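[1] have a look at this fold, sequence not included:
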């Protein structure tokens, strides 16, 4: 990134915060706390340990359901993208899965499996799996068969073929699915926590909602958004750059 | 000794077109055979069948069970996300080559020989067309194949680069003497490289002429013997490159 490009980013963010602060001062309303008030709440929650506890619980749920959704979605997506018969057989279920509202999945999981951790994680994963399938199916359909012939002629093992010939062609699709997945999953996790868990960011937001504590709500939102940004900047983007270095 | 015998009765494409009918030939160990025929006559299909990539045909293709096969395609088909060295290493790490202890030393020698030592860590996208073919040549020879299939491998190159690669190919072939099937549509290239040239008919393909090249080896690339040989062949069979042994005199009144 060029230096002045970075300046522009910082400038826009600063301008946004400044406008918010001015608006809050102007309105002097309880419904719009100033950014400074939000930061203060954030700091308090951080110091008394509550924020980290709930953040940690939510992050754990995000990681488990994300991993589950990716593993299942990638496997089924590859199957459907590479085998016509499976694609044909599962397509109806896929469309159904894509269109069931998240809330319905969550409620049904809680009713059928009880208000437990399994139901919570499963509900989130079930919401994400169809989207991973769609993305990876696209990827599997775009596989270059000329390169698979190379693998066949030189008698590479199945594992070699998968790791060095097949998988690299799916990387862009895997990253697409992971990005969308991360963005979607943490939002759904909060809903799941609100409806049926007694800890986590979603549960806390529910509490603040009861007391109309808006700076608390914004503090938690900010904290989690920062974590997602950090994941993107420190994990996804460097990994992607490393895997794409051959494209230059 | 016979290394490959091909006896194809019929190959029909999924769209119903008959690609090959009654195509027979055999190749001796260490023989360099060129396959020449009009475009669209299924030469690539033939190589794919021999390589086992296309098994949908009636007929038989035989080679000894311990035959090691390499294939150099029309495009180099290097894996773009692996460096030159990793592309070659990949085929050396295939399960049946695990016991071959000399394989990595051989890779180094070949990289040296083909002038790729400074490009070993480059990705294929960073290489010129000629360099990519060199890397593909290393990959084809590093496994010490007994049968090497080549599908117009130097087609899209400029002539000096193609000549360099032909020279390298002849050198590598002379060292390890694999049986080579080299598909080309250039009579000149075929006569320059091969011991035998098999001329194919238009679809459905069969062998119409099995021609033994009467030239000594080693052959210099600029050998003056090629031109008269080519002229003589074309005088005898004016429509040879169209895949026909004889044509009616109306079409070629001066032949």
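    Nice, I can see it. Note that the structure is a prediction, hence the values are computed from the model and not measured.
[2] just give me the longest helix of chain A.
    Counting residues, the longest helix found in chain A (DSSP state H) is helix A:50-82.
[3] so which elements touch that one?
    Secondary-structure packing of helix A:50-82 (3 or more C-beta pairs under 8 Å, 6 or more residues apart in numbering or on different chains; DSSP states H and E): helix A:35-47, helix A:84-99, helix A:117-141, helix A:167-196, helix A:201-210, helix A:214-231. Glycine gets a C-beta too; all of them are placed from N, C-alpha and C.
[4] quick one: mean pLDDT for the third one?
    Pointing back at helix A:117-141 there. Helix A:117-141 shows a mean pLDDT of 95.
[5] and if you look at stretch A:177-197?
    For stretch A:177-197, the per-residue pLDDT averages 91.
[6] closest one to chain B among the helices and strands packed on helix A:50-82?
    With C-beta to the nearest C-beta as the measure, helix A:167-196 is the member of the helices and strands packed on helix A:50-82 nearest chain B (4.5 Å).
[7] could you list every helix and strand in contact with the closest one?
    Using 3+ C-beta pairs under 8 Å, 6+ apart: helix A:167-196 touches helix A:50-82, helix A:102-113, helix A:117-141, helix A:201-210, helix A:214-231, helix A:237-243.
[8] what are the buried residues along the third one?
    This points to helix A:117-141. A:119-140 (16 or more other C-beta atoms under 10 Å in any protein chain shown).
[9] what's the closest of the helices and strands packed on helix A:50-82 to residue B:47?
    helix A:167-196 (24.2 Å; C-beta to C-beta).
[10] how about the contacts made by the residue positioned nearest the centre of chain A?
    Centroid check for chain A by C-alpha atoms, centre = their mean gives residue A:182 as the closest residue, at 1.1 Å. In this structure, residue A:182 makes contact with A:62, A:66, A:228, A:231-232, A:236, judged by C-beta atoms under 8 Å, 6 or more residues apart in numbering or on different chains.
[11] which residues of chain A score low on pLDDT?
    A:1-3 (pLDDT under 70).
[12] which one is the residue sitting furthest away from the middle of chain A nearest to, not counting chain neighbours?
    For chain A, the residue at maximal distance from the C-alpha centroid (C-alpha atoms, centre = their mean) is residue A:153, at 39.9 Å. The shortest distance from residue A:153 to any non-neighbouring residue, by C-beta to C-beta, 6 or more residues apart in numbering or on different chains, is to residue B:71 (4.4 Å).
[13] ditto for residue B:199
    residue B:209 is the one closest to residue B:199 (C-beta to C-beta, 6+ apart), at 4.2 Å.
[14] part of a strand, is the one you found?
    Yes: assessed with DSSP: H, G, I helix; E, B strand; the rest coil, residue B:209 lies in a strand.
[15] compute the inter-axis angle for the longest helix of chain A and helix A:201-210.
    Relative orientation of helix A:50-82 versus helix A:201-210 (axes from the mean of the first three to the mean of the last three C-alpha atoms, to 10 degrees): 130 degrees.
[16] relative to helix A:214-231, how tilted is helix A:50-82?
    Helix A:50-82 and helix A:214-231 are oriented at 50 degrees to each other (the same axes, to 10 degrees).
[17] what about residue B:219, neighbour count?
    15 (other C-beta atoms under 10 Å in any protein chain shown).
[18] that one belongs to a helix?
    No: Residue B:219 sits outside any helix when classified using three-state DSSP, being coil.
[19] next to chain B, which bits of chain A? Give me the list.
    With C-beta under 8 Å from any C-beta of the partner chain as the criterion, chain A comes near chain B at residues A:146-147, A:149-150, A:152-157, A:160, A:164-165, A:168, A:243, A:245-248.
[20] would you list the buried entries among those?
    Counted by 16+ other C-beta under 10 Å, the residues of chain A next to chain B give A:147, A:149-150, A:152-156, A:160, A:164-165, A:168, A:246 as buried.
[21] in helices only, show me these.
    Those of those lying in helices (DSSP H): A:147, A:149-150, A:152-153, A:160, A:168.
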